[in-house]
Structures are given as C-alpha cells and as structure tokens.
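*Asks:* Please find the sequence and the predicted model below.
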Amino acid sequence: MIDDQSHEISVEKLMEHIRREARRRRPPGDEGPSAVSEPADAGQTVAIDTPAEHPCDDSLLKESPPLPPMVGEYSVGDFSRYHDRDFIQNAYRGILKREPDAPSFAGYLEHLRQGAMTKSEILCQLRYSREGRAKGVKVRGLLLLAVSHKFFKLPLLGYALRWVAYLVRLPSIVRHFHTVEAQNQMLFSLFRDYLRQEDACLKAKIGEIKNYQSLIEEIVTRMSDVKALAAQKADARYLEEMDASKAAQSDVDDFKSQHEAEMERLFGLIVSKIGKAEYESLMALKADRAELESMAVLKVDRAELENIAGLKADRAELETIAALKVDRAELENITRLKVDRAELESSVALKADRADLEGMGALKADRAEVENLAAVKADLKHIEAIHTRLGQLTQGIDHLRRASVEQERRLWLFLEEARKRLPEPFSTDQLAGFASEEDHLLDAFYVAFEDNFRGTREDIKEKLGCYLPYMTEIEGAEERVGPVLDLGCGRGEWLELLKEHRLGGLGIDCNPVMVSLCREKGLEAVEADVLEFLRSQKNGSFGAVTGFHIIEHLPLLDMIKVFDETFRVLKPGGVMIFETPNPTNILVGASTFYMDPTHRNPLYPASVAFIAEFRGFSQVKILHLNPPPDYNRIDEEGSPVAGRFNEYFYGPRDYAVIGYKS
C-alpha cells in the first residue's frame, strides 16, 4: 500500500498563527467573527457575513486535537491525520510512550519536509526499532505497510511494484489532489480576508494621522501668534526704556548747566580777591576748563598744580575747592550713569526673562499635544511593522501558488500519459520520463530561496549594469550582431535590463518556474538544459553569451563543454561573460559560497581564465566586482598587515571572466 497522506500540505500551524494575530489586532469590544449561519430552507436566502466584518471562521483555526489514549490498539489513520511537528511528536508519544529527543526529532522532521521519508516509513521505523518492539504498541495496518516498503526497496522489482501501486492508487491520488487544492483555496481565502481587515485598520490609522497633522498645524499657528505678540510687547517695553534713558540724559544736561553757573560765580570771587594780573592768569586757565572737566575723574594733573604754586594761599585753597566741586559733580554724573546702565541691563534681562516665561507658558499649554505626537509616532512604527508583515505574507502566498501550480502541472502530465497508454502498460521511456520529474521537485523551492537570499530585482539590475558597455560595444557593428544568449537566466533581471536598453536577449533555464516568471514579464525565455540547447544551435548564432552564477553549479567536464559550445555559437568578435563568487575573499570562499546548497565548489579566478584561454578565447581578463562597504574595512594608516587583512577578508565578493572570439 502507499501512504497517500505523506505529502498532504499542513496548514494548521499557519492558521493558528493567523488566528492569534487576528485576535491580537482585534479592536476592543469586537467579539470576533460570528459563526456561519445554518443552511436556509428551500426558497429562502442564506445570509453571509462580509469579509470586512468577519475575516475568518474560528472553527477553521482550531488547534489539532491531541492523540487520544490507546483503546486496544492504534490504527495508521490515528497518526496520519497529524502533520509536520505534531505528527512526529504524537508518533513518539503513541508508539514509544515518550517525548522525542532533539536530534531524532530534527532528523525525522527534515526528512519529512524534504519528502525523503513518508509518514508510514517513519511509523515503521519507530514501531520496529529495538525500543518500539520492547514497548509492543499495536498499530493496525502498519505491518502491511512495512512489508510493502521492504519490497519497494528491492532493485528493479521494487521499482516496478512501486509504479503498479501508483496506478492502483491513482483514484486516491486524484482525490487527494482535489483535497489539497481545496485546502489551498481555503488558505488563500483566509489570507485575503485577513489582508482586508488589516487594510481597513490601516485606513483608520491614516485618518487618525491626518487629524493629528491638522492639530499640529493648528499648534504651529498658535505658537507663531504667541511669538508675534511677545515681539510686540518687547518692542513697547524697549521704547519705554529708551524714553526713561532720554529723561535721565536731560537731567544730566541740566546738572551740567547748573555747574557752569557755579563755576562762573567762583571765578568772579577769585578775581575780586587776587587782582587783575591773577585774573588774567585764571582766564587762561578757564580756557582749559573743558580739559579739566574731562580729567576730573583722574583728578587735577599734578604738573598744573605746580604751575600755580606761586599763587597766594587763598587762591590755592579756592582752586582746590573748585577742583573738588568739579570732581564731585563728575563723580555724581558717573554714578548716575552707572545706575542708569544697571537699570537698563536689568530691564533688558527682565525683558528676556519675560519672553522666556511666555514661551514656557505656551509650551506647557501644548504639552498634551506633544504627548499626542509621541503616540502618533508609536502608531507609525506599528503601521510600518504591519506593512513589513504584509509583505512577508504576500511573498509566502506567491511561493505557495507557484508550488501548487507546479504540482498541478506534474499531475496533469502523469494523467495525460496514463490516458494515452491505458489499458496498455507503460513503456520504459515513459516510465523514465515520469522519473525525470523528480529532478524538478525543488524548482519552486529554489525560486523562493533566491527571493530570500539573492536580493531584489532592482539591486541585481544595478549590479549587472556594469556589463552594458560590453553589449553596446558589440551592438555598434550591426553586420555581426546577434541576440544576447543568457545561460541560466533565473528570474530574468539581465534580460529585463537588456530590454530596457533595446538590446535583444534570449534566456535559457532548466527551471520551469523561473522560465514562467520571465514570460510573465514579457521576456523571451526557453525551458531547456543549457548544454543541450547550445549543441542545437548553429555556428556563429549569437553576438554575446552570458552566464551569471551558473558555472559554480557545473562539474568541471560540463563547464569545459559549455565553454567549447559557447565559443562555437559566438560570432567573430563576440564576447563571453561568466560571473561567479570570488574565493580569494575568505569570507566568500569559506562561508557565504556554501549558503546555496546547489553550489559544487569555488572556482579560482586564474583557473577559470586559463580554461577560457585554453578553449580558444582571446583577450581574456578578470573583472572584480561587488566589494563590501568601506565601513567594514580596517583603517590601514600605512600598516601592511591591515592592508593584507582588508584584501583577504573585504576584497571583491564576485568576479567575471570576459573573453572574445577573434
């Protein structure tokens, strides 16, 4: 018998994740989706909830029930209804009566996901192991499965028996395929409803953000008005201070005028006491009154006092009194000016403090709005996280759709051949054709792998732009130009870049999923083996042959054959370009090269260049590409050790071998 449950797609865990996420994001007060209404009587209309209100039915998202306790014996179906991790755990619990150990659990889970073992094979290994025989748990129908698996492993005979069993189980396989298709449609529906719910939530958040933006604009307007009012008040205060300063200056001028009258009176008294001669001398001194007033702060110059030393004692005393009065007046004037200056400085400081206090008051008044802005920023971060998650879910849906389409293609191929041959037996060639489909089991997996690790289309196209000058150089000579042949075209980034620059391109890839992606984008691509396609082409058919990250997947002999066929199909003057990871970068050669499990071994640049020259190419050169960012490098500062370290660890991560057909 064949275990038709072994390849059933498990969605329980994915549904459980969706259910938890939907419940976590459900708004307060929302009790979740209501149950689907019961079928109506004949003639009545059945009410169906819209997806926006009820994104999914909780009954579809329930967890798998635990393995029931054994009553007499188990059956194979008791275990087959579980999938993935749940299946391994329940198999250990039911047959070996314990939890699985970590290494065995990881090993069985990996074999189950890769299709290397079926569920029935795992059950047989556990039941008929030494520990399983000691436990003695009875599993109905397992012995027959174990015997059939033994026969299937026999050389030749087992192969034929397996295909006979496939034909016997063909109706069950078709029924299982329809079940898988229905499960996929259900999963797509759940994802669609979930995305609609998230879209409604995003629109609500965007509305709140717009409201916050209008509130921010209102706050900014209010702050501008407050600043303008503060400026007006500051100008009025400044004018008042200027008026006060002018009044103080007027008082000073009045004091000076009074002082001049007093000086005149003193000079008259001096003249009446000392006579005309002395008066003339004092008149000469009066001419220097302005200079004496300017030097009052420093006191009367000692040399001038010596000039009038010969005057009488009364005259010297009067002059001393006059000088002291002048000094006193000037000192009072300076003191008053200092007081006025201090008042002005205090007034300016008060003005600045008042403006600051008004600004602080406005800021305090808007504190609630600032807190609301912080909440808006948190919501924006939450929305960005939702966008990222939606992108991941969309990518997962695309990968699942491709895998489903590929499974459908293989099944229809099998049914078509069976319809043509039945009731006659299959020929050896037809059986070999069915067996060759095993080579394409990982096609959809490799597309998803490249989407995750290779980078976006825009990044790849930017990196491949360095090869366009080699193409345009060839395109300049129309008499020897043919289409550019891209070996292992993959997702078609290079073909798309050629099309954007109006250069003809044809892609070859053995992965049908990759080829379908290229055709969906309007690119010309053919599903074929690279070496077989090259051998089917005429001499001098192409102006250029390219291959980006393909030769590291080939054995040495096949790589040399590809070089030979490339040289043959190139036109004279045509160019050959093959890009591959650079093992002279230690991080690439010892680590990241093996990230792709389909890589065989790194290829040293000089070795590939030698092979190209040895097989007939001329002007062969190595083009180093894609160095890491400069911030990864160590500052050399004249140190040869640091320079060598940067060369070995942070050198170019890829290189291309470029050669011409002379």
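*Replies:* Here it is on my side, so go on. Given the structure is predicted, the values throughout are model-derived calculations rather than measurements.

*Asks:* so residue 194 is in which element?
*Replies:* If you go by DSSP states H and E, residue 194 is part of helix 170-274.

*Asks:* Output the contacting helices and strands for that helix.
*Replies:* Helices and strands touching helix 170-274, as assessed by 3 or more C-beta pairs under 8 Å, 6 or more residues apart in numbering; DSSP states H and E, comprise helix 12-25, helix 276-287, helix 313-365, helix 367-421. Placement of C-beta: from N, CA and C, glycine included.

*Asks:* Touching the following helix or strand past the first one from outside, list them.
*Replies:* This points to helix 12-25. Downstream of helix 12-25, the next assigned helix or strand under DSSP H and E is strand 74-75. Contacts to strand 74-75, defined as C-beta atoms under 8 Å, 6 or more residues apart in numbering, come from residues 94-95, 137-141.

*Asks:* Throw together a ChimeraX command that grabs the buried residues out of those residues.
*Replies:* This is the ChimeraX syntax for the buried subset of the contacts of strand 74-75, where burial follows 16 or more other C-beta atoms under 10 Å:
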select :94,95,137,139
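
*Asks:* which residues does residue 507 bridge with?
*Replies:* When assigned by DSSP bridges, residue 507 has beta-bridge partners residue 486, residue 525.

*Asks:* Can you tell me what sits against the helix or strand containing residue 562?
*Replies:* Under DSSP H and E, the secondary-structure element containing residue 562 is helix 556-569. When contacts are taken as C-beta under 8 Å, 6+ apart, the neighbours of helix 556-569 outside the stretch itself are 485, 487, 530-531, 534-535, 537-542, 545, 547, 551, 554, 576, 611-612, 615-617, 661.

*Asks:* List buried residues within these.
*Replies:* If we count by 16+ other C-beta under 10 Å, the contacts of helix 556-569 have these buried: 485, 487, 530-531, 534, 541-542, 545, 547, 551, 554, 576, 611-612, 615, 617, 661.

*Asks:* Name the nearest residue to residue 577, ignoring sequence neighbours.
*Replies:* Ranked by C-beta to C-beta, 6 or more residues apart in numbering and with sequence neighbours excluded, the top spatial neighbour of residue 577 is residue 546, at 4.6 Å.

*Asks:* Residues in a beta bridge with the one you found, which ones?
*Replies:* For residue 546, the residues forming beta bridges with it (DSSP bridges) are residue 486, residue 577.

*Asks:* Isn't it up against residue 485?
*Replies:* Yes: under the criterion of C-beta atoms under 8 Å, residue 546 lies in contact with residue 485, with a separation of 7.3 Å.

*Asks:* follow-up on the earlier one: for the residue nearest to residue 577, list the residues it contacts.
*Replies:* Residue 546 makes contacts with 467, 484-487, 494, 576-578, as judged by C-beta under 8 Å, 6+ apart.

*Asks:* any chance of the residues you listed in JSON lines, plus pLDDT and distance to residue 79?
*Replies:* What follows is the contacts of residue 546, written out as JSON lines (pLDDT from 0 to 100; distance: C-beta to C-beta, whole Å):
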{"residue": "467", "pLDDT": "95", "distance to residue 79": "55"}
{"residue": "484", "pLDDT": "94", "distance to residue 79": "55"}
{"residue": "485", "pLDDT": "96", "distance to residue 79": "52"}
{"residue": "486", "pLDDT": "97", "distance to residue 79": "48"}
{"residue": "487", "pLDDT": "97", "distance to residue 79": "47"}
{"residue": "494", "pLDDT": "96", "distance to residue 79": "49"}
{"residue": "576", "pLDDT": "96", "distance to residue 79": "56"}
{"residue": "577", "pLDDT": "97", "distance to residue 79": "54"}
{"residue": "578", "pLDDT": "98", "distance to residue 79": "50"}
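
*Asks:* Can you add distance to residue 151 and give the residues you listed back as a markdown table?
*Replies:* Putting the contacts of residue 546 into a markdown table (distance: C-beta to C-beta, whole Å) gives the following:
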| residue | distance to residue 151 |
| --- | --- |
| 467 | 55 |
| 484 | 53 |
| 485 | 48 |
| 486 | 47 |
| 487 | 43 |
| 494 | 49 |
| 576 | 52 |
| 577 | 52 |
| 578 | 47 |
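
*Asks:* Mind picking the one among those residues that's closest to residue 525?
*Replies:* Distance to residue 525 across those (C-beta to C-beta) is lowest for residue 486, with 8.6 Å.

*Asks:* Please look at the closest one and residue 494 and confirm they touch.
*Replies:* Yes: contact criterion C-beta under 8 Å: residue 486 and residue 494 qualify, at 5.4 Å.

*Asks:* Overlap in contacts, the two.
*Replies:* Overlap of the contact sets of residue 486 and residue 494 (by C-beta under 8 Å, 6+ apart) consists of 505, 507, 546, 548.

*Asks:* Counting only helices, which of the buried ones among the contacts of helix 556-569 make the cut?
*Replies:* Where the buried ones among the contacts of helix 556-569 overlap with helices, as defined by DSSP state H, the overlap consists of 530-531, 534, 611-612.

*Asks:* one step back: kindly indicate the member of the shared contacts of residue 486 and residue 494 with the most neighbours.
*Replies:* Using other C-beta atoms under 10 Å as the neighbour test, the shared contacts of residue 486 and residue 494 are led by residue 546, with 29 neighbours.

*Asks:* For residue 503, see how far away it is.
*Replies:* Taking C-beta to C-beta, to the nearest Å as the measure, residue 546 and residue 503 are separated by 11 Å.

*Asks:* Need the overlap of contacts for these two.
*Replies:* Going by C-beta under 8 Å, 6+ apart, residues that sit against residue 546 and also against residue 503 are residue 484.

*Asks:* do you know how far residue 89 is from residue 111?
*Replies:* Counting by C-beta to C-beta, the gap between residue 89 and residue 111 amounts to 15 Å.

*Asks:* if you count what's nearby, which of these two comes out ahead?
*Replies:* residue 89 (17 against 14).

*Asks:* pLDDT below threshold where in the stretch 301-450 of the chain?
*Replies:* Filtered on pLDDT under 70, the stretch 301-450 of the chain yields the residue ranges 301-331, 333-335, 338-370, 392, 395-441, 446.

*Asks:* The same query, at a cut-off of 80, please.
*Replies:* Residues of the stretch 301-450 of the chain that meet the criterion pLDDT under 80 lie in 301-382, 384-449.

*Asks:* Strands of the stretch 551-662 of the chain, residue ranges please.
*Replies:* If you assign secondary structure with DSSP state E, counting those that start in this stretch, the strands in the stretch 551-662 of the chain sit at 570-581, 618-625, 654-660.
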